[in-house]
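Trainee: What shape does this take:
(chains A and B)
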2 protein chains.
Amino acid sequence: PSCCSKPIRPSFIFRTQIKIFLIKSESFLTLRSETMQPRTSNPRFSDFVDKQTGYTTKNILAAPLMNGKDPLGVVMAINKVGGNEFSKADEDLFTKYITFATVIALQHYTSYMYNVESRRSQVLQWTASKVFEELTDIERQFHKALYTVRTYLLCERYSVGLLDMTKEKEFYDEWPVKLGDVEPYKGPKTPDGRVTDFLSHLNVSASRTPPVDHWALVSGLPTYVAENGFICNMMNVAADDYFTFQKEAVDESGFVIKNVLSLPIVNKKEEIVGVATFFNRKDGKPFDEQDEQITEALTQFLGWSVLNCDTYDKLNRTEWRREIAAEMVIYQTKATPAEVQQILNTKEKFDMNPEDCDQREMYKLLRANIPEAKDVDLLLFSFSDLPVSELDLIKCGIRCFFELGVVEKFKVPAEVLTKWMYTVRKGYRDITYHNWRHGFNVGQTMFCLLQTGRLRKYYSDLDAFAMVAAAFCHDIDHRGTNNLYQTKSTSPLAKLHGSSILERHHLDYSKTLMAEESVNIFQSLQKRQFETVQHLHDVCIIATDLALYFKKRTMFQKIVDATEPMADEKEAIAYVSNNPIRKEIIMAMMMTGCDLSAITKPWEVQSKVALMVAAEFWEQGDLERTVLDQQPIPMMDRNKSDELPKMQCGFIDFVCSFVYKEFSRFHKEITPMFDGLNNNRVHWKELADIYQAKVDAIENERKRLEEEQAKKATGEDGGEGGKSKTCTIF
Amino acid sequence: PSCCSKPIRPSFIFRTQIKIFLIKSESFLTLRSETMQPRTSNPRFSDFVDKQTGYTTKNILAAPLMNGKDPLGVVMAINKVGGNEFSKADEDLFTKYITFATVIALQHYTSYMYNVESRRSQVLQWTASKVFEELTDIERQFHKALYTVRTYLLCERYSVGLLDMTKEKEFYDEWPVKLGDVEPYKGPKTPDGRVTDFLSHLNVSASRTPPVDHWALVSGLPTYVAENGFICNMMNVAADDYFTFQKEAVDESGFVIKNVLSLPIVNKKEEIVGVATFFNRKDGKPFDEQDEQITEALTQFLGWSVLNCDTYDKLNRTEWRREIAAEMVIYQTKATPAEVQQILNTKEKFDMNPEDCDQREMYKLLRANIPEAKDVDLLLFSFSDLPVSELDLIKCGIRCFFELGVVEKFKVPAEVLTKWMYTVRKGYRDITYHNWRHGFNVGQTMFCLLQTGRLRKYYSDLDAFAMVAAAFCHDIDHRGTNNLYQTKSTSPLAKLHGSSILERHHLDYSKTLMAEESVNIFQSLQKRQFETVQHLHDVCIIATDLALYFKKRTMFQKIVDATEPMADEKEAIAYVSNNPIRKEIIMAMMMTGCDLSAITKPWEVQSKVALMVAAEFWEQGDLERTVLDQQPIPMMDRNKSDELPKMQCGFIDFVCSFVYKEFSRFHKEITPMFDGLNNNRVHWKELADIYQAKVDAIENERKRLEEEQAKKATGEDGGEGGKSKTCTIF
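Mentor: Take a look at the predicted model:
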């Protein structure tokens, strides 16, 4: 209002508006409105400004601008016009004016702080946006983040120095130092003892790895910050003589360093990983507390985000280690040329490119070296591996593919087939039951179900090829312990796979072989065919998880029910083969039929194999007791081995019976398996009965002895029972 | 000022201060100070408030409060006191007052916005602090972050629902759907097609996995947000009938939902990963635009930070896969009981616990089964592996440890030693040169240097044990290509190790064997001894990197120079063995001496071995040509195989000569190696000279023919030169 405009100059506060915010809070907390007159008599008057300007200050009327308890600034009226001193009336008027001045100052202050907070939010949000964009190394991450937020920093240039994070030198570089031939490093070090060599230095205008005499480093400030971890705000570089800032323009752009703000970048482990330095505030003024706050928020965030870079590094290293180990597994498991030659039986040591030789000749040679299917009963459900050597089983496996007619059709090079089959064998561990013999038996049974069992009519040649191959691989690298044991022992397999733990591992393994060209029997297939093969491997191998058996039971039964009344075979073929899901369900049940097929074998085979299965279970039971400190279930408890026949009967009744009964109903050609099963059921029942009779006899004997004892007790000396009777009488 | 206080009520704007900020900007942009009178005649007057309150509005004087072009609110004076309408003077006064009112309103507005930005910064900083604290799963990360920032959100409760991120169902769960036996999922889905089942639900007050009828989910709002990705601000839950919010208190605390703000959490791949919902603003008002901004910044940050959780998951999975592969490598490489038995030659199949048997008896048995050192020249520098089978070399390796006397001293169980030695052999690949034979030779030479060369006097028994073991392992799992090839082919080994690539791998491998108890020959050592052994492995195996050879050359020479004049052997022993660095330098040079020892062998051996080395180099050269499409260096170029003798001479002169000369000077017992080297130098020089003579002869013949041709050209028909001569004549 015009009434207030005379004695003091209202524009004054606007001229000093920026300065208001530079006043340190503490010194003004006690300020009250006060007049000083005459100047000479007041000990608090300083003539500093008068000496600088030549102006003569006679008297001052001053008051603080307060935001609650925080001072925002001071308003001063200088040299009363038309008087020797400010009057009481001037003071009253001045105080009234202060109310309005406070409102204006507060508005400026709040608005400035709003801008600061707003920039801080922006800096954090944009930094986060870049940091979470991808995993990358620290240089790239910092560069991206800083480049993105540079406009919010309101400075002309910035630079970031990154420290070497390696804590130890190589021992052979330390030798000369330890021998005293070379001086040990005496330069600057971070608080945790690392050498403060800047590994690299990011700068908007400079190259990525500038020389040590780069203008951003030569001052020594970044090194000082790295050494001490302080935030350094150099308000006036020209006046500084501690650091050696370049006085002249740093480059042809004419850029001269005026003021510098340098901050350490500290990770969550409290290690200094780098130093961020900001040059020349955009408005020419020195960096203030708020600039410090914003850049501190930024560098803190960047420091924390080093977790991502460290993780990136760790992930890469882990992946490389995994790749190295995976290659070693393949190298150690892959059949050697000598092993392949054992089977191919070529005259020359065989180690050539499959493309280089006549495959027809190779097929002939190979067929001549592997037994005919009929000679070793490969086409019979009653086939037994027991009299056959492990090497011959490899040969038999190869024979199955020739019998299926898929070798020539899908152009599988003879030596690749041989190498694959041998490699599969080597992939099986030499454990009690789930070894190569079991793997072979499942493959052979699959072959039988397709050929002898005539299930092949529903499937293409490619399907049959994949199914038999998957069956051979279905338990590869089994460790002799089941899924539950993997879970309980928290093995890496269990951590990796949530369900069907081992099955997924067998599947992974079989796919690893497909990825290795020299043993990939599917190498000549087209992409689509190859995908089909992979999918069928998924279906077949996962299907061997008995936990999934009950899920597919009714689905399979429905198909059998539906096809049973069909008089025309073609109708049934169409019903199944035109529906990929039905094909897969039958396929999955075939895998179960193969996996459990030992139970359908002639009694002399089954009785031996059942003991191997049991032995492996007992070994797991032993591990559970010793390693996991748990009591195994009866099936795995070797102390309950006498109950094996009874448990076999239970297993036949609750699991196996359905499979073979339904398959026999589906295809009468499969009836031999069901017959075999029932025959074994009789044997196991017999054994179970004998054992039960023994148990009963012992139990009866025990009861008899007990009763006898009881009789004796009452008859002879009365005992406790007698005593109480006596008591009752009384 | 008091002069302005009469006609309008200045407190009015303070009473409506919060409401100011709820006015939408657009509708006020054209507002100017305006009076409306009489009310009935003005079409813009709405009697809504009068009807609600019973108050009669007769006339209004209104003006907007502007912040530049943005309206902050409106001030209205209602019903002129002492008059029928506001006068021109009222309007003028009112307009003057508006200036002050604007300042106050602006201050409130700015202060509010400052608070919003400040909260946003805090929310972001604290969220970052938690997100970067550790790698963890999404549930824990979100829970930690939200719990930390909850005070800045100014709401009574919050909840976070996480979505199932799996995109595909297991195929056996899909079968019933595909067969039409089970209805496909018809419920809500995210925009990218995922089922919006909330996998888990975090809530400050609720358990981690609440039922679907939890009060925070039952309304259907989180599902709606997950389906559509919208931010939903429900200002008045009671009036809403689209969602079914629980009307009564949700629990015994009496908490009733009043207003709700729900936001999708979206990752960097633009997938909705969850929904964050905030209930009841602390001050009872509905959530406003600024609340939306703060929570949006938060959920955006959380969404981005899912990168960390995904990485955590990926890192774990990679690590598990690595562990699985590492176990498979050990399984496939570890000597089997049958293989151990081949050497131990026990009557029973040997597969028992080392602790279970009498080690003295086992030592006797083992010693009886392995050849005596003197019988196979193990103590001679001129030992040749060529006539010995690979299996016998394993036995010879075992013999070395018995000769050193370390087996009994360090209680190495006989079968562990056997298994370790056999496993080391299996760890070597069957490649042209860097195979088990080379590994054995280096171990045997180390044994010779210690025993025959009498270098053992500087070392403890433990040192000698570690040095010979490291020598046997020094090239384990070599792939027949050198470090440069690893780098050029960017193999995982090169990515993992920055320098001494293969050496670090051999070292890793040898340490893996130490970590596997059943093959750990150092299993009986104390912790400190075991650490010494590990360190000596570091020194010895890394030392075989020829790139480091020149670094240690002068250091070694200094030691030799220093000990040469010492008359007393004890003095030299003290000089070396009291200084661990000198011991290590000699040790490192011994490794080089062993690694290159083939060049010191009798000519009939060296001539054969040199060809194997060359053959492996040529194979790498072939790979460089075919795989890397690069021209190999002459040493690896099989087209330059004729130059082998010349290159051998160069290799002897520039690398080998120093080693054996210095060692012979150091210990005269080692002179046979230097003699052998010089003898081979003569042979190679001879061959080089023969080849050079051939080259020279060819060159001379070429020159002769050339000169002849030139003579002919000038003598017979003149040719071009003749023609021009003729021309010159003219």
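
Trainee: in stretch A:419-436, what counts as buried?
Mentor: A:419-429, A:431-436 (16 or more other C-beta atoms under 10 Å in any protein chain shown). For the C-beta atoms, the positions are set from N, CA and C on the backbone; glycine is no exception.

Trainee: swap in stretch A:620-627?
Mentor: A:620-621, A:623-624.

Trainee: Spell out which parts of the stretch 51-200 of chain A neighbour chain B.
Mentor: A:103-104, A:106-107, A:110-111, A:113-114, A:117-118, A:120-121, A:124-125, A:128-129, A:132-135, A:170-173, A:175-176, A:178-179, A:181 (C-beta under 8 Å from any C-beta of the partner chain).

Trainee: So A:Glu372, which state does it fall into?
Mentor: coil (DSSP: H, G, I helix; E, B strand; the rest coil).

Trainee: one step back: in strands, which of the buried residues of stretch A:620-627 appear?
Mentor: Among those, no member falls in strands (criterion: DSSP state E).

Trainee: What is the most widely separated pair among those?
Mentor: A:Gly621 and A:Leu623 (7.3 Å; C-beta to C-beta).

Trainee: related to what we said a few turns ago, ok, and which of the buried residues of stretch A:419-436 reach chain B?
Mentor: A:426, A:429.

Trainee: Out of the buried residues of stretch A:419-436, which sit inside helices?
Mentor: Secondary structure defined by DSSP state H assigns A:419-427, A:436 of the buried residues of stretch A:419-436 to helices.

Trainee: and of the residues you listed, the nearest to A:Leu315?
Mentor: When those are compared against A:Leu315 (criterion: C-beta to C-beta), the nearest one is A:Gly427, at 28.1 Å.

Trainee: Let me know how buried whichever residue of the stretch 151-300 of chain A sits closest to chain B is, in neighbour terms.
Mentor: As assessed by C-beta to the nearest C-beta, chain B sits closest to A:Lys178 within the stretch 151-300 of chain A, at 4.8 Å. Neighbours of A:Lys178 under the rule other C-beta atoms under 10 Å in any protein chain shown: 15.

Trainee: Same check on A:Glu174?
Mentor: Neighbour number of A:Glu174 under other C-beta under 10 Å is 14.

Trainee: That one is in what secondary structure piece?
Mentor: helix A:171-178 (DSSP states H and E).

Trainee: Where does the prediction get shaky in chain A?
Mentor: A:1-44, A:167-168, A:195-212, A:347-356, A:715-730 (pLDDT under 70).

Trainee: My understanding was that A:Leu135 contacts B:Leu307; is that so?
Mentor: Yes. Using C-beta atoms under 8 Å, A:Leu135 is in contact with B:Leu307, at 7.1 Å.

Trainee: so what sits against both of these two?
Mentor: Residues touching both A:Leu135 and B:Leu307 by C-beta atoms under 8 Å, 6 or more residues apart in numbering or on different chains: A:Asn308.

Trainee: Pick the one among the buried residues of stretch A:620-627 closest to chain B.
Mentor: A:Leu623 (14.7 Å).

Trainee: Surely that closest one and A:Tyr485 touch.
Mentor: Yes. The criterion here is C-beta under 8 Å, and A:Leu623 meets it with A:Tyr485 at 7.1 Å.

Trainee: returning to that earlier point: make a PyMOL selection of whichever of the residues of the stretch 51-200 of chain A next to chain B turn out to be buried.
Mentor: Filtering those down to the buried ones (16+ other C-beta under 10 Å) takes a single PyMOL command:
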select buried, chain A and resi 103+104+106+107+110+111+113+114+117+118+120+121+124+125+128+129+132+135+171+172+175+176
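
Trainee: quick one: A:Leu162 is in a strand?
Mentor: Yes. Applying three-state DSSP, one finds A:Leu162 inside a strand.

Trainee: mind checking how far it is from A:Met555?
Mentor: 60 Å (C-beta to C-beta, to the nearest Å).

Trainee: cool, and A:Trp304?
Mentor: From A:Trp304 over to A:Met555 (counting by C-beta to C-beta), the distance is 53 Å.

Trainee: hmm, back to that, just checking, what packs against the helix holding A:Glu174?
Mentor: Secondary-structure packing of helix A:171-178 (3 or more C-beta pairs under 8 Å, 6 or more residues apart in numbering or on different chains; DSSP states H and E): helix B:527-543, helix B:549-563, helix B:580-595.

Trainee: Quick one: closest of those to chain A.
Mentor: When the helices and strands packed on helix A:171-178 are compared by C-beta to the nearest C-beta, helix B:580-595 sits nearest chain A, at 4.8 Å.

Trainee: angle of that closest one against helix A:171-178?
Mentor: Interaxial angle of helix B:580-595 relative to helix A:171-178 (axes from the mean of the first three to the mean of the last three C-alpha atoms, to 10 degrees): 140 degrees.

Trainee: and helix B:580-595, which residues are buried?
Mentor: B:581-595.

Trainee: residues in the stretch 301-450 of chain A within reach of chain B, list them.
Mentor: Residues of the stretch 301-450 of chain A lying near chain B (C-beta under 8 Å from any C-beta): A:301, A:304-305, A:307-308, A:311-312, A:314-329, A:331-333, A:336, A:426, A:429-430.

Trainee: Out of these, which sit inside helices?
Mentor: A:301, A:304-305, A:307-308, A:311-312, A:314-329, A:331-333, A:426.

Trainee: Please list only the buried members of the residues you listed.
Mentor: Buried, going by 16+ other C-beta under 10 Å: A:301, A:304-305, A:307-308, A:311-312, A:315-329, A:331-333, A:426, out of these.

Trainee: From the chain's centroid, how far away is the helix holding A:Glu174?
Mentor: 38 Å (C-alpha atoms, centre = their mean, to the nearest Å).

Trainee: got the angle for that helix vs helix B:549-563?
Mentor: Using the same axes, to 10 degrees: helix A:171-178 against helix B:549-563 is 40 degrees.

Trainee: so who does the one residue sitting closest to the centre of chain A touch?
Mentor: Nearest to the mean C-alpha position of chain A, by C-alpha atoms, centre = their mean, lies A:Leu315 at 8.3 Å. A:Leu315 makes contact with A:135, B:311, B:314-315, B:318 under the criterion C-beta under 8 Å, 6+ apart.

Trainee: Recalculate using a threshold of 10 Å.
Mentor: A:135, B:311-312, B:314-315, B:318-319 (C-beta atoms under 10 Å, 6 or more residues apart in numbering or on different chains).

Trainee: Please, where are all the helices along the stretch 251-400 of chain A?
Mentor: A:289-333, A:337-344, A:359-369, A:390-404 (DSSP state H, counting those that start in this stretch).

Trainee: I'd like these as a markdown table, with distance to A:Val273 appended.
Mentor: Below are these laid out as a markdown table (distance: least, C-beta to C-beta, whole Å):
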| stretch | distance to A:Val273 |
| --- | --- |
| helix A:289-333 | 5 |
| helix A:337-344 | 51 |
| helix A:359-369 | 60 |
| helix A:390-404 | 57 |
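
Trainee: Out of these, the one nearest B:Asp90 is which?
Mentor: helix A:289-333 (43.9 Å).

Trainee: what is the orientation angle of the closest one with helix B:306-333?
Mentor: Going by the same axes, to 10 degrees, helix A:289-333 makes 20 degrees with helix B:306-333.

Trainee: Quick one: distance of helix A:289-333 to the chain centre.
Mentor: With C-alpha atoms, centre = their mean, you get 13 Å for helix A:289-333.

Trainee: So chain A: which segments form each domain?
Mentor: Following the TED database, one gets these domains for chain A: A:16-114, A:134-166+A:191-315, A:337-684.

Trainee: In JSON lines, list the ones you listed along with distance to B:Glu686.
Mentor: Formatted as JSON lines, the domains of chain A follow (distance: least, C-beta to C-beta, whole Å):
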{"stretch": "domain A:16-114", "distance to B:Glu686": "89"}
{"stretch": "domain A:134-166+A:191-315", "distance to B:Glu686": "50"}
{"stretch": "domain A:337-684", "distance to B:Glu686": "34"}
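
Trainee: Which of those domains sits closest to B:Lys69?
Mentor: domain A:16-114 (16.0 Å).
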